[in-house]
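K.L.:
Show me how the following folds:
(chains A and B)
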Amino acid sequence: MPPPADPAWIEARLVAARPRAVAALLRYFRDLDLAEEAFQEACLRALRAWPEKGPPRDAEGWLIMVGRNAALDQVRRRAKLTGLPDEAAISDREDVEPALAERLDAADYRDDILRLLFICCHPELPATQQIALALRIVSGLSVRQIARAFLVGERAMEQRITRAKARIAKADVPFETPGAPERAARLAAVKTMIYLVFNEGYTDADPAGERAAFCAEAIRLARLLLRMFPGEPELMGLLALMLLQHSRQAARFDGDGLPVLLEDQDRTLWNRAAIDEALALVDKAMRHRQPGRYQIQAAIAAVHARAARPEDTDWAGIDRLYAALEDHAPSPVVTLNRAVAVSKLHGPRAALDMIAPLAEPLDGYFYFHGLRGALLDRLDRADEAREAFGRAIALAGTAAEAAHIRQHLDRLSAENGAAS
Amino acid sequence: MLYTLLCYHDEAVTTAWSEDEDAAVMEKLETVHQRWADRLRPVVRLMPTSAATTLRKSDDVVLDGPFAETKEQLLGFYLLEADTLETALAFARDLAQANPGGAYEVRPVMAYYPDRTAPDDAAAG
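P.N.:
Alright, predicted model coming up:
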């Protein structure tokens, strides 16, 4: 057993306590900056007190209590200096200092954390700012880490976060305990935001890059939420989807950092534990019979995960699930993905017909032209394939994407050369 | 005779470990496992409680999440090879018929022997 004073353990304990402690302090002070400062102060005191005395049994409760008292002292000191009546600066409630324990019952605790995540999802904030806020406030990543991940300077990121915080400070953050519809709406917004955090990490071509940690962080937040809202099938779906996508991390890029297609990946590199956890979650979610887009996407990813070899893939099952997704959340991109399953089941001709109506809505979409090129290629329509691949390269978002398409083009040119 | 060691820890902490931190802990444990390899039977690591489902036997109700009551005591556990949660729940219901009262928590696990072979590999292969 590691000694209780182990600094690494204390550090892990503080990281783990952050969402709940900051969320509780936010409800108490109704001021995000004050809540964060209070938590910061509590952490400093923990780092001084815990190595000597050992950590308290209820570390989160300790941090909330100590943070609250430290911040109250500070507010009073500031109030004396500026001559304001002190209690008014602390809270607009009359009962400023009831027994803290009373305010920390389990029901509040889950709504606290939901609220803390929800304020990061302010609809006027662009996605990148929502992500940066959540990582800073809820996860406690340093501004420096976040700045590096977004490839901007630390000062610029600091300013962005400050502006975003000012924006949400002006917004009406509801502190009353939410009713069921309100809670569901918050959960929906928070799920979207967590998936944004995940995708920011997932789309990074560099698996060892700063953003790779975002995937693990999104998974942690989803697990945390699911522990508090255990009966939410879409939350199970979201967590399962992220676990399944993340389980392929080690197989998704080759030695040169180029993406490896699902069917070409070394499946022994897939993370079996993550897959097993996700499969159990998908099964759990299905029992509720309330399909949602994350559940269906997770179920599709699960079909791939269950196939030991690419040729074992249940494409008919995937086709059915995409049909369900088209019903549930119709979008040209969903139909495009379904076309891949259709090409496996019924050949490139059927898939090409299926994506023909998507030419207009997806004209600016890399994957549309990439898939169209591949289908045309299989039908030996080399000139049209070349043109489609050319469009794809022009739209490629990353060098890796462009390089992947270029391989197709090079091969087409080579075959053309051989034929002529 | 066989003993079991049931491992308790704060899940908020263990799920907050980064993948590197998690791997470091497992590596340290692995060293200990090797020292005890001749006595150790399968090592089992439970997936997070968010992956758990509980069958309450008295009324045959399946609940999301881990078994949360404290008045019952942990009396035993099974390791079952099953591709789906439904199969695992079917086994739990079958057991419940034979032995009513209490609950079964159903949770996916990772299991392996100290020499790194997995019990489920043996079963599958």
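K.L.:
touching chain A at all, stretch B:108-119?
P.N.:
Yes - using C-beta under 8 Å from any C-beta of the partner chain, stretch B:108-119 reaches chain A at B:108, B:110. No exception for glycine: its C-beta is placed from N, CA and C like everyone else's.
K.L.:
show me what contacts the nearest residue to residue A:265 once chain neighbours are set aside?
P.N.:
Excluding its sequence neighbours, the residue lying closest to residue A:265 (C-beta to C-beta, 6 or more residues apart in numbering or on different chains) is residue A:251, at 4.0 Å. Residues in contact with residue A:251 (C-beta atoms under 8 Å, 6 or more residues apart in numbering or on different chains) are A:260, A:265, A:266, A:267, A:269, A:270.
K.L.:
Separate out the buried members of the residues you listed.
P.N.:
Buried subset of the contacts of residue A:251 (neighbour count, 16 or more other C-beta atoms under 10 Å in any protein chain shown): A:265, A:267, A:270.
K.L.:
Could you give the backbone dihedrals for residue B:108?
P.N.:
For residue B:108, the backbone dihedrals (degrees, to the nearest 10) come out as phi -70, psi 150.
K.L.:
Quick check: it touching residue A:278?
P.N.:
No - in this structure, residue B:108 is not within contact of residue A:278 by C-beta atoms under 8 Å, at 9.4 Å.
K.L.:
picking up where we left off before, for the buried ones among the contacts of residue A:251, give me a markdown table that also has secondary structure.
P.N.:
Formatted as a markdown table, those follow (DSSP: H, G, I helix; E, B strand; the rest coil):
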| residue | secondary structure |
| --- | --- |
| A:265 | coil |
| A:267 | helix |
| A:270 | coil |
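K.L.:
Reformat these as JSON lines; add pLDDT.
P.N.:
Below are these laid out as JSON lines (pLDDT from 0 to 100):
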{"residue": "A:265", "pLDDT": "95"}
{"residue": "A:267", "pLDDT": "96"}
{"residue": "A:270", "pLDDT": "96"}
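K.L.:
for those residues, which one is nearest residue A:385?
P.N.:
Using C-beta to C-beta, residue A:265 is the member of the buried ones among the contacts of residue A:251 that lies nearest residue A:385, at 23.9 Å.
K.L.:
quick one: that closest one from chain B, how far?
P.N.:
19 Å (C-beta to the nearest C-beta, to the nearest Å).
K.L.:
Next: residue A:9.
P.N.:
Between residue A:9 and chain B the computed distance is 8 Å (C-beta to the nearest C-beta).
K.L.:
which SSE is that residue in?
P.N.:
helix A:7-29 (DSSP states H and E).
K.L.:
One more: residue B:45?
P.N.:
Here residue B:45 is assigned to strand B:43-46, by DSSP H and E.
K.L.:
Give me the distance from that strand to the chain's centre.
P.N.:
6 Å (C-alpha atoms, centre = their mean, to the nearest Å).
K.L.:
Would you mind identifying the next helix or strand past it?
P.N.:
Moving toward the C-terminus from strand B:43-46, the next element (DSSP H and E) is strand B:53-56.
K.L.:
what about that following strand, average pLDDT?
P.N.:
For strand B:53-56, mean pLDDT rounds to 96.
K.L.:
List the neighbouring strands of it plus their orientation.
P.N.:
Each strand paired with strand B:53-56, and its direction, by DSSP bridges: strand B:61-64 (antiparallel), strand B:103-106 (antiparallel).
K.L.:
For burial, what's the neighbour tally of the closest residue to residue B:43 other than its chain neighbours?
P.N.:
Nearest residue to residue B:43, sequence neighbours excluded (C-beta to C-beta, 6+ apart): residue B:112, at 5.8 Å. Close neighbours of residue B:112, defined as other C-beta atoms under 10 Å in any protein chain shown, add up to 16.
K.L.:
ditto for residue A:321
P.N.:
Counted with other C-beta under 10 Å, residue A:321 comes out at 23.
K.L.:
Now for the chain, the helix or strand with the poorest mean pLDDT.
P.N.:
If you meant another chain, say so; for now it's chain A. helix A:86-90 (a mean of 50; mean pLDDT, DSSP states H and E).
K.L.:
I was after chain B.
P.N.:
Result, chain B / mean pLDDT, DSSP H and E: helix B:119-124, a mean of 51.
K.L.:
name the helices or strands packed onto the helix or strand harbouring residue A:166?
P.N.:
In this assignment (DSSP H and E), residue A:166 forms part of helix A:154-170. Contact analysis of helix A:154-170 by 3 or more C-beta pairs under 8 Å, 6 or more residues apart in numbering or on different chains; DSSP states H and E lists helix A:32-53, helix A:127-133, helix A:143-149 as its packing neighbours.
K.L.:
For chain B, find the nearest of those helices.
P.N.:
Judged by C-beta to the nearest C-beta, the one of the helices and strands packed on helix A:154-170 that comes nearest to chain B is helix A:143-149, at 11.9 Å.
K.L.:
Can you pull out the residues in contact with that closest one?
P.N.:
A:132, A:135-136, A:153-154, A:156-158, A:161, A:200, A:209-211, A:213-214.
K.L.:
so what secondary structure elements neighbour the helix or strand harbouring residue A:213?
P.N.:
Using DSSP H and E, residue A:213 maps to helix A:212-228. Applying 3+ C-beta pairs under 8 Å, 6+ apart, we find helix A:212-228 packed against helix A:106-119, helix A:143-149, helix A:180-202, helix A:233-247.
K.L.:
Count the residues that sit near residue B:57.
P.N.:
18.
K.L.:
Spell out which residues sit in contact with it, please.
P.N.:
B:96, B:99, B:100, B:101, B:102, B:103, B:104.
K.L.:
any idea how far it lies from chain A?
P.N.:
Distance from residue B:57 to chain A, by C-beta to the nearest C-beta: 17 Å.
K.L.:
Residue A:243 reaches residue A:220, doesn't it?
P.N.:
No - if you go by C-beta under 8 Å, residue A:243 and residue A:220 don't touch, sitting 11.4 Å apart.
K.L.:
which one of these two has more residues nearby?
P.N.:
residue A:243 (30 against 22).
K.L.:
What are the contacting residues of the lengthiest helix in chain B?
P.N.:
Taking DSSP state H as the criterion, chain B has its longest helix at helix B:19-35. Contact partners of helix B:19-35, identified using C-beta under 8 Å, 6+ apart, comprise A:8, A:12, A:216, B:14, B:17, B:40, B:43, B:114.
K.L.:
do the same with stretch A:266-285
P.N.:
A:233-234, A:236-237, A:239-241, A:243-244, A:246-251, A:295, A:298-299, A:301-302, A:305-306, A:308-309, B:45, B:47-48, B:50-51, B:53, B:64, B:84-86, B:107-108, B:110.
K.L.:
filter those to the buried ones?
P.N.:
Neighbour-count burial (16+ other C-beta under 10 Å) applied to the contacts of stretch A:266-285 gives A:233-234, A:236-237, A:239-241, A:243-244, A:246-249, A:251, A:295, A:298-299, A:301-302, A:305, B:47-48, B:50-51, B:53, B:64, B:85, B:107-108, B:110.
K.L.:
List the strands paired with the strand holding residue B:45, with their directions.
P.N.:
With DSSP bridges as the test, strand B:43-46 pairs up with strand B:109-112 (antiparallel).
K.L.:
which is the next helix or strand following the helix or strand hosting residue A:336?
P.N.:
Assigned by DSSP H and E, residue A:336 falls within helix A:332-346. Using DSSP H and E, the helix or strand that follows helix A:332-346 in sequence is helix A:348-355.
K.L.:
which of the residues in the following helix or strand past that following helix are buried?
P.N.:
Proceeding N to C from helix A:348-355, the next assigned helix or strand is helix A:366-378, under DSSP H and E. By 16+ other C-beta under 10 Å, the buried positions in helix A:366-378 come out as A:366, A:368, A:369, A:370, A:371, A:372, A:373, A:374, A:375, A:376, A:377.
K.L.:
Good, wrapping up.
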